[in-house]
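>>> compute the structure for the input listed below.
(chains A and B)
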Amino acid sequence: MTEIELLSWARGPGLQIATIIFVAGVVIRIFEIFLLGRKANLAEAKGGEMSNGLRTMITRTVPDRTTFKRSSVTIVSGYIFHIGLFIVCFLSAPHILFLKDVIGFGWPSLPTPVIDAFAVVTIIALLATLVNRLTNKVMRYLTNFEDLLTWFITFLPVVTGYIAFHRIGMTAPTLLAVHILSVELLMIIFPFTKLMHAFTLFIARWYNGAISGYRGVAS
Amino acid sequence: MSASLDKGINAFKRQIDSSVAAFFSSCVHCGLCAEACLFYTETGDPKRTPINKTEPLRRIWKSEYTLFGRVGKMLGLTKKVDDKFLEEWQELVYDSCTLCGRCSMVCPVGNDIALMIRKTREGMAAAGQAPEGLIGATNRSVTIGSPMGVKWPALRAQIKHVEEDSGLKIPVDVEDVEYMLLLSSMEIMNFPEFIEAVAKIFDKAGATWTISSEAFEATNSGIQIGVSDIAAELVQRIVDVADKLRVKTVISPECGHAYMAIRWDGPNLVGKPFNFKVRHILEVMDDLRQQDRLKIATKESQKLTYHDPCQISRRGGVIDEPRRLIDMIADDFVEMPDGGKMNWCCGAGGGVSANERADEIRLKVFERKKAQLDEVKPDAIISACSNCRIHLEDGLEEYNMDIPLLSLTETIAEHLAED
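Below is the predicted model of the structure:
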């Protein structure tokens, strides 16, 4: 297989397979949750479920002061890598062009040097979360194989993307193919791992806010 | 209570619903919940991280309710739930958690971890993995009607004392009244002043009320140990009497989990809405205040702070009411840092105080409360839960702190205007 053939496979059948697994997996996981159902609350309500659930979906993004003070490293590094991932994923010009091909429309991109800087910051933040995970007593206790795997599979596309963009080492088509394959790997393991939290956290937050709000407490 | 691993596994399964599935699907092992839990912050032991306490329930969810977990189970890849594992987790699920729910407020993905631990207890108890102290309290609740073994003659004797001391009549088994007062065994045995305080407040407010000789116990060990059918039976006793006497409102006394049991869990346990309202005594007093039926003559001049009982504030929704009441009687009120819905637990709720095995750790984690109090340096602490009160007194003594504890209801009664 030549490097051009590898790139074509990654952009063609590879992407199709990864997309099917990603979409089907995510749909199955979400159905699994909702099909379980939940009993209606029979106690006299002190507040609304829906309104409080929706509010907590947003407000839970900001930690309370004491929690921030006690866990600032985890919170700051977590914020930075999530924001960084979002920016390099969805606001870089090549990604927008690629997505435009697939979904038919695009949106404005950030200038290349800005994306480049965010990529470096994201890489540093991801490394910091790994160091934190391995040194923080609680995180080290909780960490299992899946945590390390998902870290690595998330880290990979950022690094391969950075390398591909700067054409370090190999030739451009190979670098691009490796980058696309690393994203496909991420898409494939996504539904089977805690990466699912990207979707389910909104469901979880809604339940949290609804349960608490029903009793008259804004959570 | 007969128990076995099979029953336990089935009980775990019955606890899993869409909320639990969403919670487990979302956990990223960030560890923030540890820093919200006094059992971690004061011991530094990572196994006491709140989400870790739910591991038995998580394993059942994973292997039974996820497609990939079921495949893993067939291949023998999933972690098993057996007696040895549950025994190891007992101390985390019961001794190291008061169900205070602070973790549920900080989890960034929104997991209601306290609810998950409460559900974990259902499986643990059914599998025979609950602490002796709680099993004893629960058995006494079922057979005698009170976790401390308090029977009606004991309450009748206390009522007689209160009537002699106050000159007020305590109504018993009266029909068609506004309020029916429940009591905790702790109040009956240790704080009968509470009954006198309520009598005075209702007398001045001109409210009609009663205590039932058949169902007076407000606490519910079934909730703490995690046996829903027992919890339901204890709630049903109250429902039957309240319906028989045709009372408008049942009052939960100064006890946190009793309020949770009758106000929020009660109708769900017995499977239908109540024909009466349930209010905490703080809500009742706040209603009377609003209706101008609660008149205060004097104020406390000493520096007061308020300890929010977890099940009444954060988990119960009664947060502003006590503050409005304190405002009527206090000139110098100071909030504790994190006061209100983020207050730190006293360390002995959720059945911990009924579990002798946890005596050492509950006093250890009191250091968190001590740190809060050291910042405020109050002359006295007001609270509204007799379990918090007993434990706070214990803790203050242990750490040589000389701060008196006041019940909000009793303090209000002391400052009532004389017509």
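
>>> so which residue is smack in the middle of chain A?
By C-alpha atoms, centre = their mean, the mean C-alpha position of chain A lies nearest to residue A:198, the distance being 5.4 Å.

>>> excluding chain neighbours, what is closest to it?
residue A:190 (8.0 Å; C-beta to C-beta, 6 or more residues apart in numbering or on different chains). C-beta: built from backbone N, CA, C; applies to glycine.

>>> for the one you found, give its distance to chain B.
When distances are taken as C-beta to the nearest C-beta, to the nearest Å, residue A:190 and chain B turn out to be 12 Å apart.

>>> quick one: low-confidence parts of chain A?
In the prediction, chain A carries no residues with pLDDT under 70.

>>> for it, longest helix please?
Across chain A, the longest stretch assigned as helix under DSSP state H is helix A:112-135.

>>> now do the buried residues in that helix.
For helix A:112-135, the neighbour count (16 or more other C-beta atoms under 10 Å in any protein chain shown) marks A:115-116, A:118-119, A:121-123, A:125-126, A:128-130, A:132-133 as buried.

>>> got it, and stretch A:93-104?
Neighbour counts over stretch A:93-104 (16+ other C-beta under 10 Å) mark A:95-96 as buried.

>>> wait, does stretch B:95-115 make contact with chain A?
Yes - interface with chain A: stretch B:95-115 contributes B:104-112, B:115 (C-beta under 8 Å from any C-beta of the partner chain).

>>> which one of these is nearest chain A?
Nearest to chain A among the residues of stretch B:95-115 next to chain A: residue B:110, at 3.2 Å, using C-beta to the nearest C-beta.

>>> what's the neighbour count on the nearest residue to that closest one once chain neighbours are set aside?
Beyond its immediate neighbours in the sequence, the residue positioned closest to residue B:110 (C-beta to C-beta, 6+ apart) is residue A:205, lying 3.2 Å away. For residue A:205, the tally of surrounding residues (other C-beta atoms under 10 Å in any protein chain shown) stands at 28.

>>> surely residue A:205 meets residue A:57?
Yes - with contact defined as C-beta atoms under 8 Å, residue A:205 and residue A:57 form a contacting pair (4.5 Å).

>>> please enumerate the shared neighbours of those two.
Here residue A:205 and residue A:57 have residue B:110 as joint contacts, going by C-beta atoms under 8 Å, 6 or more residues apart in numbering or on different chains.

>>> ok, now which ones touch the residue sitting furthest away from the middle of chain A?
What lies farthest from the middle of chain A is residue A:44; by C-alpha atoms, centre = their mean that is 38.4 Å. Shown here is residue A:44, whose contacts under the criterion C-beta under 8 Å, 6+ apart are B:267, B:273-274, B:277-278.

>>> which among those residues end up buried?
B:267, B:274, B:277-278.

>>> how about the nearest residue to residue 155, chain neighbours excluded?
I went with chain A, as the question did not name one. The shortest distance from residue A:155 to any residue other than its chain neighbours is 5.1 Å, reached at residue A:126 (C-beta to C-beta, 6+ apart).

>>> my question was about chain B
Once flanking residues are discounted, residue B:155 sits nearest to residue B:188: 5.3 Å by C-beta to C-beta, 6+ apart.

>>> from residue B:219, how far off is the one you found?
10 Å (C-beta to C-beta, to the nearest Å).

>>> compare the two (neighbour count), which wins?
For residue B:188 versus residue B:219, neighbours defined as other C-beta under 10 Å are more numerous around residue B:219 (30 against 24).

>>> isn't there a helix covering that one?
No - looking at residue B:219 with DSSP: H, G, I helix; E, B strand; the rest coil, it is coil, so not inside a helix.

>>> retrieve the pLDDT associated with it.
Listed pLDDT for residue B:219 reads 92.

>>> which neighbouring elements make contact with the strand or helix carrying the residue nearest to residue B:110?
In this structure, residue A:205 is located in helix A:197-214 according to DSSP states H and E. Counting contacts by 3 or more C-beta pairs under 8 Å, 6 or more residues apart in numbering or on different chains; DSSP states H and E, the secondary-structure elements packed against helix A:197-214 are helix A:15-36, helix A:49-59, helix B:18-26.

>>> deepest-packed of those, please.
The highest mean neighbour count among the helices and strands packed on helix A:197-214, using mean count of other C-beta atoms under 10 Å in any protein chain shown, belongs to helix B:18-26: a mean of 25.

>>> hmm, it touching chain A?
Yes - Helix B:18-26 lies in contact with chain A when judged by C-beta under 8 Å from any C-beta; the contacting residues are B:18-23, B:25-26.

>>> out of the residues you listed, which is nearest to residue B:87?
Within those, the smallest distance to residue B:87 is 22.9 Å, found for residue B:20 (C-beta to C-beta).

>>> need the contact list for the closest one.
A:36, B:57, B:61, B:115-116, B:119.

>>> who wins on neighbours among those?
Using other C-beta under 10 Å as the neighbour test, the contacts of residue B:20 are led by residue B:57, with 27 neighbours.

>>> I'd say residue B:215 and residue B:245 touch.
No - under the criterion of C-beta under 8 Å, residue B:215 makes no contact with residue B:245, lying 9.6 Å away.

>>> more neighbours: those two, which one.
Between residue B:215 and residue B:245, counted using other C-beta under 10 Å, residue B:215 has the larger neighbour count: 22 against 19.
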